[in-house]
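In: Sequence first, then the predicted structure:
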Amino acid sequence: MSAEWIWHNGEFIRWEEANVHVSTHALHYGSSVFEGIRAYTTPHGPAVFRLAEHTKRLAYSCKAARMDLPFSEEEINDATLETIARNGHQACYVRPLVYRGAGPLGLEGRKNPVDVIIMTMEWGTYLGQEALENGVDVQISSWRRLAPGTAVSMAKIGGQYVNSQLISMEARDNGFDEGLALDISGNVSEGAGENVFVIIDGVVYTPGSWASILPGITRDSVLTILQEMGVEVRFETIARDMLYMADEIFFTGTAAEITPVRSIDRLQVGEGKRGPITKEAQDQFFAITSGELADRHGWLTPVGVTRPVV
Ligand SMILES: Cc1ncc(COP(=O)(O)O)c(C=O)c1O
């Protein structure tokens, strides 16, 4: 799983040497921000999916966390491509991480240095290859997503992910593949690390930014694909009941890609197997990421070319 090289504050160090001191602020207080990015194998070599958008979100997360990112977005993009190339990956998962490093303790943390790493690893499907076809069993979590005004749900800030861990662990302890959280009002928000789409009578519903979601980059890509498919999409407050009523439900995320949900709270979704809209969206998505279909949206940056190709 591990790679040879990790990019660390502008230099490459070996995987085994990429360690931190126990006074690292992020270890104590969750003061880190991160991204999760995939590179896919294409006939023209590895290519990174929506690199610029991920780096832009990383920069936003830093801003929201009041952390000065000591590199430009362009430098982070270049470093990401270089790390993948240097590690000789074809397909891989990329994890950029910005964190408050070693130094004094104390909540505020702005006296600690801001360190940046980019690590890569080979990683298959998140919820399993079988899940992409047959779907996953999901539980509505007893944990709510971050309430407005208590955290910055649109940013990927390390400490906030305790919420996702609780959702995920509870679901697995109860024998489910994944948990889906409601927002503070009891309406549908998102999975532990995935956005959710709900299909009823041919119309696709997905929660808007008011529902404490992380606005996913896969979500955005799928919205484009659904629009091209001519499917109606509504951004609405989604009542919990709509999950039980749905003909199809799927998750989206860099890790989960597009994963069908086959049951919610042990109630079968639709016919209990991947539905037609889910399948068509998956087919389009994987045809683009594999390079089988032309990259008509400029979503892929080839590794080895150090600027996004338009
Ligand atoms: C809480 C949460 N929601 C949704 C997503 C999906 O976002 P993306 O498609 O950008 O990976 C993620 C993963 O990054 C996440 O952590």
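Out: Yes, it's here.
In: For Phe235, see how far away the residue in the stretch 51-200 of the chain that the ligand sits nearest to is.
Out: Among the residues of the stretch 51-200 of the chain, Gly193 lies nearest to the ligand; the distance is 3.9 Å by CB to the nearest ligand atom. (C-beta placed from N, C-alpha, C; glycine too.) Gly193 sits 21 Å away from Phe235, going by CB to CB, to the nearest Å.
In: Show me which of the two is the more surrounded one.
Out: Neighbour count, other CB atoms under 10 Å: between Gly193 and Phe235, Gly193 has more, with 22 against 14.
In: So that one lies in a helix, does it not?
Out: No - assigned with DSSP: H, G, I helix; E, B strand; the rest coil, Gly193 falls outside any helix and is coil.
In: from what I can see it touches Thr252, true?
Out: No - using CB atoms under 8 Å, Gly193 is not in contact with Thr252; the gap is 10.5 Å.
In: Could you pull out the buried residues of stretch 156-173?
Out: Lys156, Ile157, Gly158, Gln160, Tyr161, Asn163, Ser164, Leu166, Ile167, Ser168, Glu170, Ala171 (16 or more other CB atoms under 10 Å).
In: Check stretch 266-277 too.
Out: In stretch 266-277, counting by 16+ other CB under 10 Å, buried: Val269, Gly270, Arg274, Gly275, Ile277.
In: can you list contacts of it?
Out: With contacts defined as CB atoms under 8 Å, 6 or more residues apart in numbering, stretch 266-277 is touched by 133-135, 137, 199, 202, 204, 226, 229, 231, 243-244, 246-249, 260-263, 282.
In: again with stretch 3-16
Out: Against stretch 3-16 from outside (CB under 8 Å, 6+ apart): 2, 18, 70-71, 75, 79-80, 82-83, 86-89, 92, 115-122.
In: How many residues are close by Asn134?
Out: For Asn134, the count of nearby residues is 14 (other CB under 10 Å).
In: That one and Val198, how far apart?
Out: 19 Å.
In: what residues are up against the closest residue to Ala246 other than its chain neighbours?
Out: Closest residue to Ala246 apart from its sequence neighbours, by CB to CB, 6 or more residues apart in numbering: Val198 at 4.9 Å. In this structure, Val198 makes contact with Val188, Val204, Tyr205, Thr206, Ile238, Met242, Leu243, Ala246, Glu248, Ile249, judged by CB under 8 Å, 6+ apart.
In: so the second one, which of the three states?
Out: Secondary structure for Val204, judged by three-state DSSP, is strand.
In: tell me, how many neighbours does the nearest residue to it once chain neighbours are set aside end up with?
Out: Leaving aside its sequence neighbours, Val204 sits nearest to Val233 (CB to CB, 6+ apart; 4.6 Å). By other CB under 10 Å, 16 other residues sit near Val233.
In: Skipping adjacent residues, who's closest to the residue of the chain most remote from its centre in space?
Out: Distance from the C-alpha centroid of the chain, by CA atoms, centre = their mean, peaks at Pro104 (31.5 Å). In this structure, Pro104 finds its nearest non-sequential neighbour in Lys111, 5.7 Å apart by CB to CB, 6+ apart.
In: domain assignment for this protein?
Out: What automatic domain parsing lists as the domains of the chain is 5-121, 129-289.
In: Now the last one: average pLDDT?
Out: Domain 129-289 comes out with an average pLDDT of 97.
In: ends of it, how far apart?
Out: Domain 129-289 has an end-to-end distance of 16 Å (CA to CA, to the nearest Å).
In: Off-centre distance for that domain?
Out: 12 Å (CA atoms, centre = their mean, to the nearest Å).
In: Contacts only, for the closest residue to Thr42 other than its chain neighbours.
Out: Nearest residue to Thr42 in three dimensions, chain neighbours excluded: Gly291, at 3.0 Å (CB to CB, 6+ apart). By CB under 8 Å, 6+ apart, the contact list for Gly291 reads Tyr40, Thr41, Thr42, Pro43, His44, Ala47, Leu300.
In: quick revisit: out of the buried residues of stretch 266-277, which comes closest to the ligand?
Out: Ile277 (18.2 Å).
In: is it true that that closest one lies in a strand?
Out: No - judged by three-state DSSP, Ile277 forms no part of a strand; its state is helix.
In: Which ones, among the contacts of Gly291, also lie beside the ligand?
Out: Contacts with the ligand are made by none of the contacts of Gly291, judged by CB under 6 Å from any ligand atom.
In: Counting neighbours, which of these comes out on top?
Out: Scoring those on neighbours with other CB under 10 Å, the highest-scoring entry is Ala47 at 27 neighbours.
In: Verify the contact between that one and Ala39 for me.
Out: Yes - applying CB under 8 Å as the test, Ala47 and Ala39 come out as touching, 6.4 Å apart.
In: so what's in contact with the two at the same time?
Out: Taking CB under 8 Å, 6+ apart as the contact rule, Ala47 and Ala39 both touch Val303.
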